[in-house]
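Asks: What shape does this take:
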Amino acid sequence: MGLSHLAYSIKKKCLSFKSGKVSGRTLGFTGKSSMWFALILGVLLLVSAGIAYRVPAKRIRRLGEKPIALSASLSEFPMEVGDWVGRVADVPSTTQEYMRDNFADDFLSRVYVNSVTNAWASVYVVYCASRPGGILGHRPGVCYPANGWQHEGTETVQYTSPRGRSITYLLHHFYKVPPEYDRTTVVSFYVVNGRVTSSESDFSGPLGRRPNISRDPSRYVAQVQISSTVQKSIEDALDGMVDEILDFLPGVDNEDSAGKPGRAVGGDIEKNDR
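Replies: Residues are numbered from 1 along each chain as shown. Now for the predicted structure:
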């Protein structure tokens, strides 16, 4: 029996109760029975909604198998930026699986070492355009504890880049308990359609979650993370590379790829197409 037919049968029985077309013994239980029928019907509707969602989601996944390409891939980001010299860093299999399942279209994962100070920092950038909201939930406060780190605290920092870009980022502190005695600090922020933000709420609404059917590369969410064991190393790496990273992402400096200003709409940032 199909879900729609079963739901119809339940509805018909509920109407029968209301019209009194039942025996006297059953009528005494009409209130309780109606409640149970309503509950069962609600569960069926939820199951139906889940099925209805999964079918187009699979179709969207098939359509999104070919990534939406940036004009210059993140793989082309220079290995040498000022005094910083990079090498490709391994991406954990769990991270690769997450990015594949959540429509990541491009990413950068490298370790940079400063040739003058020997400071080092890991640089991670992921670009999601096929389904911009796919990055939701993938953030240091979730992923680091899931991999054995203890969260010590998070600060919100207002920062101005060397080129004068205003950036608000989150500074996370993590540690591992003995016998590892390890510590790390992570800078993280997002870029949503060219605008820098530190909050997931800027792309967690319906507009941010909808798939990018038009395959417009300027409609996206990117996440930037820079981490190291020493906070000063992160701050130096941010100064040395953040403007170059933002240059690879469409519309940064509050303009989209056509040079139009962005605007905030209903908790999501989208382009102004007027």
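Asks: who's in contact with the nearest residue to residue 149 once chain neighbours are set aside?
Replies: Nearest residue to residue 149, sequence neighbours excluded (CB to CB, 6 or more residues apart in numbering): residue 174, at 4.0 Å. All C-beta spots, glycine's among them, are computed from the backbone N, C-alpha and C. Taking CB atoms under 8 Å, 6 or more residues apart in numbering, we find residue 174 in contact with 140, 144, 145, 149, 150, 151, 152, 183, 184, 185, 186.
Asks: Return the set of buried residues in the particular helix or strand that has residue 174 in it.
Replies: Using DSSP states H and E, the element containing residue 174 is strand 166-175. Buried residues in strand 166-175, counting neighbours by 16 or more other CB atoms under 10 Å, are found at 167, 169, 170, 171, 172, 173, 174.
Asks: now swap in stretch 152-159 and tell me
Replies: Buried, per 16+ other CB under 10 Å, within stretch 152-159: 154, 159.
Asks: how about the CA coordinates for it, as PDB?
Replies: Extracted C-alpha coordinates of stretch 152-159, given in PDB (Å, rounded to 0.1, in the frame of the first residue of the first chain):
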ATOM      1  CA  GLU A 152      39.400  26.100  25.100                       C
ATOM      2  CA  GLY A 153      37.600  29.200  23.800                       C
ATOM      3  CA  THR A 154      36.800  31.400  20.800                       C
ATOM      4  CA  GLU A 155      37.300  35.100  20.300                       C
ATOM      5  CA  THR A 156      35.800  37.400  17.700                       C
ATOM      6  CA  VAL A 157      38.500  39.600  16.200                       C
ATOM      7  CA  GLN A 158      38.100  42.800  14.000                       C
ATOM      8  CA  TYR A 159      41.000  42.900  11.600                       C
END
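Asks: Now do it: everything it contacts.
Replies: Stretch 152-159 is contacted from outside by 141, 166-175, 187, 198, 238, using CB under 8 Å, 6+ apart.
Asks: Likewise for stretch 127-135?
Replies: The contact list for stretch 127-135 (CB under 8 Å, 6+ apart) reads 60, 64, 67-68, 70, 74, 102-107, 126, 190, 192, 203-204, 208-212, 215-217, 219-223, 249.
Asks: go with 6 Å
Replies: Applying CB atoms under 6 Å, 6 or more residues apart in numbering, the contact partners of stretch 127-135 are 64, 68, 102-106, 203, 208-209, 211-212, 217, 220-223.
Asks: Lovely, talk soon.
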